[in-house]
Each structure stands twice: as structure tokens, then as C-alpha cells.
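Asker: got a sequence here, can you model it:
(4 chains)
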There are 4 protein chains.
Amino acid sequence: MANSKYEYVKSFEQPDVLLPNTWIVVRIDGRGFHKLSDRYGFIKPNDRRALDLMNAAAMEVMKELPDLCIAYGVSDEYSFVFHPSCQLFERRSAKLVTTIVSTFTAHYIYQWGTYFPSTPLQPPYLPSFDGRAVLYPTTRILRDYMSWRQVDCHINNLYNTTFWTMVQQGGMSNTDAERELQGTVSSDKNEILFKRFGINYNNEDEMFKKGSVVYRQYQLEDPKPEAKSRHVDDDEALVDESKTSKSQQDKLRKLRRKAQVVVDHVDIIKDEFWERRPWILSGKPGKLPDA
Amino acid sequence: MANSKYEYVKSFEQPDVLLPNTWIVVRIDGRGFHKLSDRYGFIKPNDRRALDLMNAAAMEVMKELPDLCIAYGVSDEYSFVFHPSCQLFERRSAKLVTTIVSTFTAHYIYQWGTYFPSTPLQPPYLPSFDGRAVLYPTTRILRDYMSWRQVDCHINNLYNTTFWTMVQQGGMSNTDAERELQGTVSSDKNEILFKRFGINYNNEDEMFKKGSVVYRQYQLEDPKPEAKSRHVDDDEALVDESKTSKSQQDKLRKLRRKAQVVVDHVDIIKDEFWERRPWILSGKPGKLPDA
Amino acid sequence: MANSKYEYVKSFEQPDVLLPNTWIVVRIDGRGFHKLSDRYGFIKPNDRRALDLMNAAAMEVMKELPDLCIAYGVSDEYSFVFHPSCQLFERRSAKLVTTIVSTFTAHYIYQWGTYFPSTPLQPPYLPSFDGRAVLYPTTRILRDYMSWRQVDCHINNLYNTTFWTMVQQGGMSNTDAERELQGTVSSDKNEILFKRFGINYNNEDEMFKKGSVVYRQYQLEDPKPEAKSRHVDDDEALVDESKTSKSQQDKLRKLRRKAQVVVDHVDIIKDEFWERRPWILSGKPGKLPDA
Amino acid sequence: MANSKYEYVKSFEQPDVLLPNTWIVVRIDGRGFHKLSDRYGFIKPNDRRALDLMNAAAMEVMKELPDLCIAYGVSDEYSFVFHPSCQLFERRSAKLVTTIVSTFTAHYIYQWGTYFPSTPLQPPYLPSFDGRAVLYPTTRILRDYMSWRQVDCHINNLYNTTFWTMVQQGGMSNTDAERELQGTVSSDKNEILFKRFGINYNNEDEMFKKGSVVYRQYQLEDPKPEAKSRHVDDDEALVDESKTSKSQQDKLRKLRRKAQVVVDHVDIIKDEFWERRPWILSGKPGKLPDA
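Answerer: Here you go, the predicted structure:
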């Protein structure tokens, strides 16, 4: 029995190849994590176990997909960044996004018991994630995207830290705390924390304040004096690499697999992070650390 | 610290809303399941445990998303069908696809131990799935899509059953079996099975021959004499329902949640299946079975 | 000198193939025609010369592209309809839209002098048109689109006729006329026209009231008693025709070229128009009128 | 009569906004110009009248759309370039493309008689153009696109000049000339022209060899020594300008309107052209020439 009679339905599949030579960010978000964090008793404002589990899953995604340059996570979201030169799955959007979402979910579910040993999953209420791809045409804009997420992390964490301290240590109702915080700026919140509760926000956990940065580790480089000139080379490099052959791409992929994937909680808004780790934006593997 | 300086990056997110009033099929596929089925010792040509696990995960997806009308699974793939009137997530493609992929993956990983009690998962080699959405503009074409998958199931299963019988029971090498089967038609394979191995293909497991159909169960209806007129009403109905209010949509969703989700292994190419279960194509809940 | 060094830029061209088996409507609109109609002294509320010129240009588009089923024009807009089975330019959206826009513009400019013999074009203020493609998945929705445009024509024309009669014959200022018409319904406007100015709106020009329908003329058919069943056949037919070979498509195209293209000012909301001209929705040429 | 019953059809219009901060190239091509050039007796290999008409139409497009930075034309094609910061029509693809195609067509038809005074247009065989938009994410790639077209111009013109000289002056048949040119490189063709016909290709018309570049004229600047650093500033500038307010955009547009639009036949592959006219890539108006 041939299948030719029905095969015409394949013609309805439409291409979804992403524009070449642009940064691809796949951002995933926990689905209904507000409710889910209640169900599984996540600690407020930050549950270290939940964040560690997010980071563990993200690291597995980074290991499985060497085409990824960097990932940044905060709360129940994670952004995975493909280099402009990436040719994985011919840059098909749905394929890239679903592969990341599914791999992340698989590891999140699988490792749940490691991070929540005494809180088993309760089907059918399993954690899951949605995701989407967004394109950023230049390195400058990609860096602005990363900064956007880290500034968001800071804003939310300062708010949540203050709010939950007022509720948990100050005995206020949620409504009262919310009302008092309305219209306040950063310095107000810092002052509430310090004056009322003796908490210096600067001493809070770096993971909570900065979020989590996941990348491949090579030997750090000395920042170049004329930092700006870097960008040029970057964007020029992109073009060249997009023209590298398939075998060269495979070779690069193998080199990237050798690097250790690390998670860090550092500033990614300033230039220093990027200047000392030029391999992230260049897409060219750095020098492996001495053993 | 306001985030306005970087917020412009949000403008790079592009809409991906799917054309209204068209059937949406989200097909997911196991990633690298050929290798994976070796690693976890799946039985050839069909591993009942693996198929049952696929079906279990698919049923959870159907329960979680009442907007789904029907799903059809074969091997390591599953097609989930949203009705043309579906407004879930404003019909955003990435959101629909990733929600299904992630929910499916979560249940697949979570229930792995139930179906493979003596074969634990071996990280980092976890099963994962990719997926994509395809639009079908009319009910006729949607049915042709479903037929395409079921014919494919039949073709592949007859081939695989014959091949593996020749190898496993006939002691042939993979290469020899492959060579002998080249260019054969269905009747040839049936004959090989029957004459050499005494196997009547018709007696093979329905799940293997037909694949798995997952849908909501209502009281079966008597097939109408003039079947054709049904299609008209269907396609007219689509238009109307797309104009139903949000509250009506919520009401329909609740009604759908009440129906039991069942898995079946039946012919979905002929009209009968669809005529006796008109709610699948109409998108209107049927009559719940008497308790 | 080989061009290979730069040819990689071709890879940035992205496919824009429209979903198969759906109706394609290309609607074009005059750019800045409000200003333009002042510059060239168009008569208010309807300038027969301008409408005749629109129709003349539309007829040339219909003749040049036999894949078009029907076109509908009102004011400075025109909708051109490709059948779901259309394979012209592999259904590439930009190619379809720009071909129609450019062909229409060329004939509009070329024939300007015929319709406005005493009002020459004043460069650089030349008329031009923009356009876009919209997909409609079923025949019912396509007909609703056509009805939408014709209802719009009626609403606007009744308003404009009343408004300009109040201004031109009643001596009212634009502002006063606008204010009086605010909140009125059709019967109010009919009454103003009749009671104050002795104008029976029904006697207005059909072209102004109904807009212009352009299609290929075959022998009219008798309306079938069970009109509804027609739709089924239509949508089934679509599928079949999409599978017709290239040579069959060419043959159909030739047949369509033989039919005379006519412009009509009739109701296209009710079934009758479509039932008597089944070739428009079926995409199958009718019987040529006896010579 | 309200139109609400049918208005739902508007929901089928899908957004087609182009990715922000990327170069937009709208390339238009003559439809069937091979046949058309025969019909209207275009001179081979280059018809100055036809090229002048193309340039005249392109200049009108540039004047009408101050958001355009530059245009490049060769044969029956023209590429129009919008700056990454362009917000015209909210960057809707169909609107941008059809506006250019229609405006170009209108002026091409209108001015036909000026350039072909003794060859009137023969309806229905009017010239028309199709077009499409392509995105280029960096200035480097945009320049590579421009180089690609100019190299193509050179390759085709050298071939056509040699071919038609062999036919017209050498009395060869088309087939013989084609056969002899097969596999030849540039130097071979130069030699044929020079040795057999005494033609020095370098002395051919610059318009034929280089194509036509259309841009706004400001005072030329001295090329900066460190040319490379320019790109950085460019790409950084793009981001900034994309954030300029609507009123600032309007102001820039007005400034651009004041500049004279010129057509030039020069090298656009080397840096010099761009370095002396930095306003083209920066999107910032230069200094108007002294009166």
C-alpha cells in the first residue's frame, strides 16, 4: 500500500528558518510556576533548591548543544543564546526551541528528587516550560538583551527581598507590605531592609542578586585597552564564520564540547565579563585551562 | 533602577499567531530515538512498554489541554490536533508547540520508571522530543493528514514485523533481510510471514498495526445516512465557534474536561470512526455516557 | 571575476510561500487618495471617471492573470481573489502581491488620459497603490470577506451620498452635515435624502451602491435547489485540484483566458450570484456562451 | 446596517513587521523584460533610453521616500535600501515593498514617452515590476549585498558586450557566439573585444560597467584614516536611532528631503565611496553643499 494518496499533506509544512547571522535567544519560562511554587512549598523570596535545579537543567542543555554560547537564568526563566554563525538544525526555529524546551524539561523532572528529596512530584501537576526564539541583529543589542534580564533580576529581587522580609520578619500582611512599597525606589527599599531589619542588601546571596550565568570555561584573558574595537571584529567575524564549511563547524563543535560548563553569578552588564571571556561573543573556542 | 534603557529589546519579539479557523496539528518526534532505543534495550520491532509510555504521556497532554480534539501516536511520534476554533494562547505557535512538547516530556520522564521498572534512565542520555505546528485549512485535509500517519504506521509496521521476524526467527543478517525485502509489496511481506513463519499479520497486535488514537469519550452516535452533508456543517460550525465569546469558550473547555480521555487502536481512515464520534471534528462536546 | 565571494548574501532571502489550499485575497488601496482626489478634482461623493478607470485597470489585471477568480472594487480599493488551487509563482506572497500592484498601477497610469482627458497627471504627484495578501481557509469565509467589502461599500456610499447632498444641495457646512449625521441609522439617512431632497437612494447608480464585480463570463447556470451541498463539493474540489499536474493547470489557464472578463454591479452577498456562476468558486471553467 | 457580522474576517490579516534594526533591501525586477525588450526594440546589449528611464523612476522613488538611504540599479532591476533605524509604515513588509513597486511603476509608465518618444506603449503589454524585501543584519553584510549586485553588473555586462559585439560586428550567429564564450574568463573576453574588434572594455560607458547608484548629495567628507572604526559607530548608532522619537524621525525626514537626489556610476565595492559619504550608512543627514 503506497502512501502517495495522502502525502500531499506534507506540502502544508511551512519553512521557519531564522535569518542568518543574527543572535538567536531562546527564552523558556516555567508554566504556571506561581501556583506550582505554592504546591511544592518553594521558599520565598528565593528557593535555593529550585534555582539550583534550574541551573542543573540549564547546564545539561548547554552540554548537549555545543552551539550555545551562553545562558542566563533568573527565577523560573532561562535564556539560551545561539551564536549568529550557528547552523544547528539549519536554524529552524521550532526545532531549536523545542529541543531546548524538551531537554531542559527532561533534566528538570529527572533531577527533581535530587534537589527536593522530601517533596516528591505530584502528577498530574508536573513542572513544564514554554519557550520562544527571538533574533538580535548585532552584538550590542544581544548584550542589551542580557543586561535587560539582569536588571530585571535585580529589580525583582530587591522588591521581593524587601516585601517578604516585611511580611516574614515584620509581621505585615501581604496587602500592607505591597501598599508601602508602592512607588518606592531602590534606595527606599535598601533603607527599609537596613533600618528596620538590619539587613544589608549587598550581603544577600550573589545568585539571588545577579541571577545565574552558564558558559564554557576557558582561560580568562586580559581585558584589551581599546575595548570598543572588539565589537567590530566580532561582527566581521560573524560573517566569516557563517561561511565556514560543515566540517569546520563540526570541528568547532567538538572543541566546544571539551570545555567545562560552569555556572557563575556575576555582573554581565559591564564590559569586563565579556572582555575577559571573548570566546562567548566571538564563537571561537578559547584556550583550555592548564590541567 | 529603571529598566527602560534596555527594554527596547522587547521590540524584537515577533508575532507568530497562526491563521484563524484552520486545524492546527502539533507533531512531536523523539530525538535520536534510534540510538536511544538501543541504549535502553527497546524490543524490536515494537516495544509495548515504550508505546504504553508514549500513550500515557499523550493522555496527560490531552487532559491538561482540553482544547485538543484528538491525538494520534505511532512509534516515537505523536500528533496533537487543535480544533479550528481553538483560541488557546491566542493561537501563538511557539507557545502551543512548546507547551505540548514540555508537558509530554515531563510525563514521559516522570512515568519512565513505571513502564521500565528495571531499566533506569541514564543521564545525560534522557529521552527528549522536538515538535512543530502545521496548519490544515479544511476538515477533509485534516482527515487526510490523519490517514497519512495511519497508512505510514501500517507500511512501517508490516515492513518492520517482517524484517525482524526474518532476523530474529529466521536467523538472517540485517543486510540479507533488507536486501530480500527491497522492492516487495504488502502481499509479498504477508506471504513471507505466513509461509515461512506461520504468522498471520492480521493477528498482530492492533496497537502495532493501527497506532494509538487518543480522544475524549462520549456516547457513540449512529452514523448518519448522508455522511457527506456532515462536512458542510462542520466547516460552517468552525466559523461560528471562532466567534464564540471567551466565556463560552471557557464553558466548552470545562465540559471537555469532564469527558474521559481514552486510547484506542482503530481505523481512522474510513468515515465510521468520525461519524460515530462527531464531537471530535465538530468541537462540540457530545453526550456523556450514562454512569 | 567570480561572484562567489558575495553570493552568500542570497541566503538571507526568506521563503514566503502561502499556505496551500486556502483562498488568497490581494487587496490594493490607493495611497493618499484623499489628497489626490482633491488635487485632480474628483467629483464627490462618487467620480464615475475615477471608478471606471479603477475598473479598467482591474480588468487588465484579471486578463493578465487567469488564475484570478474574481475581483471586487469600491472607491480606491480593489480585492483580487486567487483560488485555493492556485499555484502561480509557487504561491510566493510578495511575488503575487507586487505583480498585481504593479500591473494595476501600470494600466491606471496608462489609461488616465482616457478617463480624465482634460486633467493631465501632475508629476511627481502620480497615483500609486499599496497592497497585501490575506488568506481565507474556507469558501464560507471567503464569501464573508466579499460580503464585508460590499456591506462596507453600502454603508460608506449611503453616508457619503447623504453628506454631500446636504452640503452640495442643502448648502450646509461640512461640520454641520457631519454633526447631524452622527448616530443616524440607514433609515434616517434614506429619509433625509427623500424628504429634504426628493432623492430615492434606491435609484442611485448601481455602481455606487454595489461596487464593481469583475469576473470571467460563462453561461449562467440554474440555481440548484439544495444550495448548501455546493460548498462541500467546492471544498472537496479544492483538494483535488491542488493535486492537478502542471500541464493540467496550464490547460485550465488557457481555458480561462478564452472567457470574456466582465464588470458587473450586483449583489454578491446573497447566494444567487454564486450559484448561477459556479465556476467562480469551483475554479473550473464553465461553458462559453454561444456565439 | 452594521457590518459587524462580517468584520471577523479582518482577524485573518497577519502581521508582517520586519525585524527591527536590520537593513531592509527592496529589490524590484522587470517582469518578462526579455520579451518586452524585444517588443519595444531595446538596443542590445544596453539601451541607454531604457536605463535612463529606470534611473528616472528610481530617483522619483528616492524623492518620495526620504527614509531610503541609497538605491542601486542594473539592467531591469533596482535595489532600494532602508536604514536599520527606518520606522516607515511600522516596517510592514508588504506595505514597504508595494509602495516602492507601485511608485516606481507609475513613474516608469508616465515617463515612458519622454525616453521612448517614437515607441509608444502597446497595451496590454505594459511594463511592470515585481519585488521583495530582504533583511541584512549588519552594515558589513549590506555592503556585501551591494557589492554582489555590482559584481553581477560587471560580469553580465562584460559577457553581453562581448557576445553582442561578436554577433553585431563579427557577424556570428547567437549560437556560435554563445558556444565560443562558454568557459571563458574575464581576460579572454577583454582580449576578444580588443584583438578582434579594437574595443577597449575600459572605455565603455560607466553606466553600463558600474550600474547606477542613486543617493542624496551632501558635501563629501575626507576619508578617515582608521576606516574600520567607522563600522562600530555605525552599528551602535543604529540602536540609538531606532529609539529616536517620532518627532525626531519626522525632523530627520524633512532634512533628507532637502538634499538633492543624484545618480552616479561609480565603484561601490571599495571603501572610498562609503567613507566619503558617511551619511548613507549612518542615516544621519550630512552637510548640504554650499549654494
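
Asker: residue contacts, residue A:129?
Answerer: Contacts were defined as Cβ atoms under 8 Å, 6 or more residues apart in numbering or on different chains; by that measure residue A:129 touches A:28-31, A:101, A:104-105, A:108, B:98, B:102. In short, each C-beta sits where N, CA and C put it, glycine included.

Asker: what's the pLDDT at the residue in the stretch 101-250 of chain A positioned nearest to chain D?
Answerer: Minimum separation of the stretch 101-250 of chain A from chain D (Cβ to the nearest Cβ) falls at residue A:137, amounting to 3.7 Å. In this prediction, residue A:137 carries a pLDDT score of 97.

Asker: just to revisit the earlier point, what two of the contacts of residue A:129 are the furthest from one another?
Answerer: The two members of those with the most space between them (Cβ to Cβ) are A:108 and B:98, at 13.8 Å.

Asker: more neighbours: which of these two?
Answerer: Taking residue A:108 and residue B:98 together and counting by other Cβ atoms under 10 Å in any protein chain shown, residue B:98 has the greater number of neighbours (30 against 27).

Asker: so which strand or helix has the more buried one?
Answerer: Following DSSP states H and E, the helix or strand that holds residue B:98 is helix B:93-115.

Asker: next SSE after that helix?
Answerer: If you walk from helix B:93-115 toward the C-terminus, the next helix or strand you reach (DSSP H and E) is strand B:129-136.

Asker: what pairs with that following strand, parallel or antiparallel?
Answerer: strand B:23-30 (antiparallel) (DSSP bridges).

Asker: for residue A:258, which non-adjacent residue is spatially closest?
Answerer: The spatial neighbour of residue A:258 that comes closest, neighbours along the chain excluded (Cβ to Cβ, 6 or more residues apart in numbering or on different chains), is residue A:288 at 6.5 Å.

Asker: can I assume that neighbour is in contact with residue A:257?
Answerer: No. Under the criterion of Cβ atoms under 8 Å, residue A:288 makes no contact with residue A:257, lying 11.5 Å away.

Asker: re the thing from before, what is the neighbour count of the residue of the stretch 101-250 of chain A closest to chain D?
Answerer: In terms of burial, residue A:137 registers 28 neighbours under the definition other Cβ under 10 Å.

Asker: any idea how far residue D:140 is from it?
Answerer: Between residue A:137 and residue D:140 the distance is 12 Å, computed by Cβ to Cβ, to the nearest Å.

Asker: then residue A:95?
Answerer: Using Cβ to Cβ, we find residue A:95 at a distance of 28 Å from residue D:140.

Asker: and for residue A:253?
Answerer: 25 Å.

Asker: looking at those two, which is more packed in?
Answerer: Neighbour totals were compared for residue A:253 and residue D:140, and residue D:140 leads with 19 against 15 (other Cβ under 10 Å).

Asker: angle of the helix or strand where that one lies against strand D:129-136?
Answerer: Taking DSSP H and E as the definition, one finds residue D:140 inside helix D:139-168. Relative orientation of helix D:139-168 with respect to strand D:129-136: 140 degrees, computed using axes from the mean of the first three to the mean of the last three Cα atoms, to 10 degrees.

Asker: from the chain's centroid, how far away is stretch A:191-208?
Answerer: With Cα atoms, centre = their mean, to the nearest Å as the basis, stretch A:191-208 stands 25 Å off its chain's centre.

Asker: distance between the ends of it?
Answerer: Across stretch A:191-208, the terminal residues are separated by 19 Å (Cα to Cα, to the nearest Å).

Asker: and for stretch A:28-38?
Answerer: Taking Cα to Cα, the span from the opening residue of stretch A:28-38 to its closing residue is 20 Å.

Asker: tell me the buried residues in that stretch?
Answerer: Of the residues in stretch A:28-38, those buried by neighbour count under the rule 16 or more other Cβ atoms under 10 Å in any protein chain shown are A:28-31, A:33, A:36-37.

Asker: which of those residues sits closest to chain C?
Answerer: Minimum separation from chain C among these (Cβ to the nearest Cβ) is found for residue A:28, which lies at 24.7 Å.
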